[in-house]
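Novice: How does the following fold in three dimensions:
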Amino acid sequence: MAGKKEEMTKVKITGKSLVKPGKIMGRKECQLVTFDLPYLAFYYNQKLLFYKGGEFEEKVEKLKDGLRVVLEEFYQLGGKLGKDEEGVFRVDYDDDMDGVEVLEATAEGISVDELAADEGTSSLKDLIPHNGVLNLEGLHRPLLSVQLTKLKDGLAMGCAFNHAILDGTSTWHFMSSWAQICNGSNSISVSPFLERTKARNTRVKMDLSLPPNPLTSSNGDADADATKQGPLLREKLFRFSEAAIDKVKSKVNSNIPSDGSKPFSTFQSLAVHIWQHATQARNLKPEDYTVFTVFADCRKRVDPPMPDSYFGNLIQAIFTVTAAGLLLANPPEFGASIIQKAIEAHNAKAIDERNKEWEAAPKIFQFKDAGVNCVAVGSSPRFKVYDVDFGWGKPEGVRSGSNNRFDGMVYLYQGKSGGRSIDVEITLEAEAMEKLEKDKEFLMEV
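Specialist: Sure, this is the predicted structure:
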């Protein structure tokens, strides 16, 4: 029976096509900047959206037609990574390049509701392309690969974006623009701002080559880590309703420290809630350090500020650290205040200093750089992921793939129920996850 069940949930690739912009674009080159380069040794950024409803073939054609149009503005996604004669990385586009890869697949044993369950994404892995593929491989692979899988009662859309050329803000700008076109609009409402060098114009030469076996490097996914006898990682989605979020926020704000802290935002309140409870679940010694990291959007922090439509990476990691004992012995406003101060201090001057430091000694990010016993937050509940409607309704669910996951990685998404609800996707060592799942205070069930 198990074999039959396995057969039913198998994902089978049935076709592959390449989609290019619908008009001749000519050759384009765009230098990558200091905000982009550290991500070359991260993996492709994977997102999965799933939708209910039939007519799979018609939807595939509609998506490809829309993609041809939207690529006329977001043509960099149809290009390749390249290097100029001085060894500076860039995005190259030419009309004879392959464009975006679109895979078609079938998994008619899997239903949308099964994908919407809260447990980890290892079962979803086969629905998203480019597992374990480093961004650096964009030198010879498509910078965007999309897999459209026919489910029992719907469609799964797995996208793998090369993280060296865009961050989450740009990813969702592209997705909503693509949906706009598929929904009947003749043009997108906001064009991407493609002049990266306006944000930073230092030319950084990098001598990077692919490791002989990328999966054994330190930036793997949960499965790759397991093969190295590392601790087993588990990932899970925790859904916080609007009422739960309000409760978390009012608890943290009930006693604002008199050290100059301002009222804590929803993000700061939820962040300290996750940081405290994950630290508790890890059973750390009081003297153990624990790091909180947030990948913050710097579009409005840089000087001059950049438009929201800036296409590329304009994020930086903001770190803060304390001892586990201090974090847990104190009320949540203690941790929230540390987070708030770190975020507020990350102004244009701090960003510039970080960039100069990096440019003087370029260093490729690895996950261990996120810090010891860390909680690292990527993505943002501000992204309107449930508004990505291609003409057949909102997605039933939005998830991250298995790439770029490590112990302590957290992705925040807008909750499906809308309003102020937030979905929290967490990866932890299995033992800690087991404790977190039973932590009624974390789940806001008390």
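Novice: Now do the contacts for Gly378.
Specialist: Contacts of Gly378 were listed using C-beta atoms under 8 Å, 6 or more residues apart in numbering, and they are Gly168, Phe295, Asn404, Met409, Val410, Tyr411. C-beta coordinates here come from the backbone N, C-alpha and C atoms, glycine included.
Novice: Test my guess that the fourth one contacts Thr427.
Specialist: So the one you mean is Met409. Yes. Counting by C-beta atoms under 8 Å, Thr427 is a contact partner of Met409 at 4.7 Å.
Novice: show me what contacts Thr290?
Specialist: So Thr290 contacts Trp275, Thr279, Leu284, Val321, Thr322, Ala323, Ala324, Leu327, Val372, Asn373, Cys374, Val375 (C-beta under 8 Å, 6+ apart).
Novice: Tell me the first helix or strand C-terminal of the helix or strand harbouring Ile351.
Specialist: Per DSSP states H and E, Ile351 falls inside helix 348-360. Per DSSP H and E, helix 348-360 leads on to strand 375-378 as the next helix or strand towards the C-terminus.
Novice: Using PDB, write out the CA atom coordinates for that following strand.
Specialist: This file holds the C-alpha atoms of strand 375-378, laid out as PDB (Å, rounded to 0.1, in the frame of the first residue of the first chain):
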ATOM      1  CA  VAL A 375      16.800  33.300  14.900                       C
ATOM      2  CA  ALA A 376      17.100  34.900  11.500                       C
ATOM      3  CA  VAL A 377      14.000  36.500   9.900                       C
ATOM      4  CA  GLY A 378      13.600  36.700   6.100                       C
END
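Novice: and that strand, how far out from the chain's middle?
Specialist: Centroid separation between strand 375-378 and its chain, computed with C-alpha atoms, centre = their mean, to the nearest Å, is 10 Å.
Novice: can you check stretch 344-360 too?
Specialist: For stretch 344-360, the distance to the chain centre is 23 Å (C-alpha atoms, centre = their mean).
Novice: ok, and what's touching it?
Specialist: Residues from elsewhere that reach stretch 344-360 (C-beta under 8 Å, 6+ apart): 34-35, 38, 200, 202, 204, 296, 298, 301-303, 316, 318.
Novice: Phi first, then psi, for Leu148.
Specialist: Leu148 adopts backbone torsions of phi -110, psi 110, taken as degrees, to the nearest 10.
Novice: Tell me how far it lies from Ile110.
Specialist: Distance, Leu148 to Ile110, by C-beta to C-beta, to the nearest Å: 14 Å.
Novice: Pull up the overlap in contacts between the two.
Specialist: With C-beta under 8 Å, 6+ apart as the test, Leu148 and Ile110 both reach Ala156.
Novice: More neighbours: the two, which one.
Specialist: Applying other C-beta atoms under 10 Å to Leu148 and Ile110 shows that Ile110 carries more neighbours, namely 25 against 22.
Novice: Alright, that wraps it up for me.
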